[in-house]
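Engineer: Structure for this input, please:
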Amino acid sequence: MELPVIDLGPYLGIAGKSAGGDSIDPQYRGLCSEVSRSLRETGALLVKDPRCSVEDNDRFIDMMERYFERPGEFKRLQERRHLHYQVGVTPEGVEVPRSLVDVEMQEKLRAIPKEFQPSTPKGPDPKWRYMWRVGPRPSKTRFQELNSEPVIPEGFPEWQDTMDSWGCKMISAIEAVAEMAAIGFGLPKDAFTSLMKQGPHLLAPTGSDLQRYGQVGTVFAGYHYDLNFLTIHGRSRFPGLNIWLRNGQKVEVKVPVGCLLIQTGKQIEWLTAGDCIAGMHEVVVTERTVDAIKLATEQNRSLWRVSSTLFAHIASDAVLKPLGHFVESPLAARYPPMCAGEFVEQELAVINLKGNKTEP
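Structural biologist: Numbers count the residues shown, from 1 in each chain. Take a look at the predicted model:
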């Protein structure tokens, strides 16, 4: 199955002229319905955004390849364990796949047909990750550690500009999709974006060393969902991402050149009372990954698999609760009102990123 590709260009052209969803042309309303339908049924969406070019993605990945190729002792200088790893680098062997520690998820896994079963990780993920905050943060917040100052590695003068530029462009794409999804769900156009303002958005590229871990079946990111609102990725140079549709079918994602992949997180599930559920996914070395490794080796390119991932969040001090007509959902009771920052801290503790606040 191929995911639909939505060109955001036409919507962006009329979005600034329309104050709300009611006055949107039926043609664009249909496009918005397609966005919400895809997020509801597949937990994912491919988009083209004229503001996010292939060159932007390449510039970002080139820099991150150079960073991840640096020695481990250099990269660990950017580690901030006491801040929940929410800024700076997270070394390999730290993030724990939820499927290893969540009993309820393990029960659901056993019910998945054999052909759609996820790969079984043998322990923590063997990938590095870099967290870089994107966009303004609130001057006053109860969740200061989720809104911490950025960490810049030495020897990368272009770091801040490259991270901020690509991060802001991907946030803009998320905001357009969030508006379109809201209209498609029958909510006000700004139902989601108003809650995203000054959220702890994180550009969070991963780095996986295919020279060390390039064997078929190696699990870089075990079966899990994302805890945030929506996640967006630029195209990676090495395939390996699998997602699960709402009907339980496992699909290998192929991102066309020039496209961005968007996935649903737990916060949008909360806001829609489960009408749109957090998408399950994994990153695994496949035969297609091995083919890409061979080609990269022949072309003398980096063998670090970089994902240009950005986590878009609801603001830490905002309340997560079913919005609009979703309050009437029979499932609404499963999604009680909760401060978004508290929700994030709970989720981080489960996957081992909370750390110990008393440690340096």
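Engineer: can we go C-alpha only for contacts and neighbour counts from here?
Structural biologist: Will do.
Engineer: which helices and strands sit right next to the longest helix along the chain?
Structural biologist: In the chain, with assignment by DSSP state H, the single longest helix is helix 159-184. Here helix 159-184 touches helix 26-42, helix 54-68, helix 193-196, strand 230-233, strand 309-312, going by 3 or more C-alpha pairs under 8 Å, 6 or more residues apart in numbering; DSSP states H and E.
Engineer: quick one: the second one to helix 159-184, angle?
Structural biologist: Using axes from the mean of the first three to the mean of the last three C-alpha atoms, to 10 degrees, one finds that helix 54-68 and helix 159-184 are set 130 degrees apart in direction.
Engineer: returning to that earlier point: got the buried residues for the longest helix of the chain?
Structural biologist: Judged by neighbour count using 16 or more other C-alpha atoms under 10 Å, the buried positions of helix 159-184 are 159, 162-164, 166-171, 173-184.
Engineer: Okay, helices next: where are they in the stretch 251-360 of the chain?
Structural biologist: Secondary structure of the stretch 251-360 of the chain (DSSP state H, counting those that start in this stretch): helices located at 266-271, 287-298, 340-350.
Engineer: Deepest-packed of the ones you listed, please.
Structural biologist: Greatest average neighbour count among the helices of the stretch 251-360 of the chain goes to helix 266-271 (a mean of 24), per mean count of other C-alpha atoms under 10 Å.
Engineer: Show the average pLDDT along that helix.
Structural biologist: Regarding helix 266-271, the rounded mean pLDDT is 98.
Engineer: And for stretch 204-218?
Structural biologist: Stretch 204-218 comes out at a mean pLDDT of 95.
Engineer: Also stretch 30-41?
Structural biologist: 95.
Engineer: likewise stretch 244-258?
Structural biologist: 91.
Engineer: Give me the neighbour count for residue 253.
Structural biologist: For residue 253, the neighbour count with other C-alpha atoms under 10 Å is 19.
Engineer: Residue 256 contacts residue 236, correct?
Structural biologist: No - when contacts are counted by C-alpha atoms under 8 Å, residue 256 is not listed as touching residue 236 (10.1 Å).
Engineer: which of these two has more neighbours?
Structural biologist: When residue 256 and residue 236 are compared for neighbours, residue 236 comes out ahead with 20 against 14, by other C-alpha under 10 Å.
Engineer: and the more buried one, helix, strand or coil?
Structural biologist: Here residue 236 takes the coil state, with states given by DSSP: H, G, I helix; E, B strand; the rest coil.
Engineer: Is it correct that residue 43 is in contact with residue 268?
Structural biologist: No - proximity of residue 43 to residue 268 does not meet the contact threshold set by C-alpha under 8 Å, at 10.4 Å.
Engineer: shared neighbours of these two, anything?
Structural biologist: 276-278 (C-alpha atoms under 8 Å, 6 or more residues apart in numbering).
Engineer: For those residues, pick the one with the most neighbours.
Structural biologist: Result: residue 278 is most packed of those (other C-alpha under 10 Å), 28 neighbours.
Engineer: contacting residues for it?
Structural biologist: By C-alpha under 8 Å, 6+ apart, the contact set of residue 278 is 43, 225-227, 263-269.
Engineer: mind running it again at 10 Å?
Structural biologist: 39-40, 42-44, 224-230, 246, 263-270 (C-alpha atoms under 10 Å, 6 or more residues apart in numbering).
Engineer: How about residue 193?
Structural biologist: Taking C-alpha under 10 Å, 6+ apart, one finds 174-179, 182, 199, 313-315 in contact with residue 193.
Engineer: Among those, pick out the one closest to residue 143, please.
Structural biologist: Distances from residue 143 to the contacts of residue 193, taken as C-alpha to C-alpha, are shortest for residue 315 (10.0 Å).
Engineer: And the residue nearest to that closest one when sequence neighbours are not counted, how far from residue 248?
Structural biologist: Nearest non-adjacent residue to residue 315, counting by C-alpha to C-alpha, 6 or more residues apart in numbering: residue 199, 3.6 Å away. Residue 199 is 31 Å from residue 248, where distance means C-alpha to C-alpha, to the nearest Å.
Engineer: Neighbour count for these two, which is higher?
Structural biologist: residue 199 (25 against 15).
Engineer: what residues are up against the more buried one?
Structural biologist: Here residue 199 is in contact with 133-138, 146-147, 193, 312-318, 340-341 (C-alpha under 10 Å, 6+ apart).
Engineer: Which of the residues you listed fall in strands?
Structural biologist: 133, 312 (DSSP state E).
Engineer: Buried ones among the contacts of residue 199?
Structural biologist: Members of the contacts of residue 199 classed as buried by 16+ other C-alpha under 10 Å are 133-134, 137-138, 146-147, 193, 312-318, 340-341.
Engineer: Sort those residues by pLDDT and name the bottom one.
Structural biologist: residue 146 (56).
Engineer: rewinding a little: now the longest helix of the chain: average pLDDT?
Structural biologist: The model assigns helix 159-184 a mean pLDDT of 97.
Engineer: Report the inter-axis angle for it versus helix 26-42.
Structural biologist: Using the same axes, to 10 degrees, helix 159-184 lies at 100 degrees relative to helix 26-42.
Engineer: Dead centre of this structure: give me the residue that sits there.
Structural biologist: Nearest to the mean C-alpha position of the chain, counting by C-alpha atoms, centre = their mean, stands residue 231 at 2.7 Å.
Engineer: ok, the nearest residue to that one once chain neighbours are set aside - how many residues close by?
Structural biologist: Of all residues not flanking residue 231 in the chain, residue 311 sits nearest, at 4.7 Å (C-alpha to C-alpha, 6+ apart). With neighbours defined by other C-alpha under 10 Å, the count for residue 311 comes to 28.
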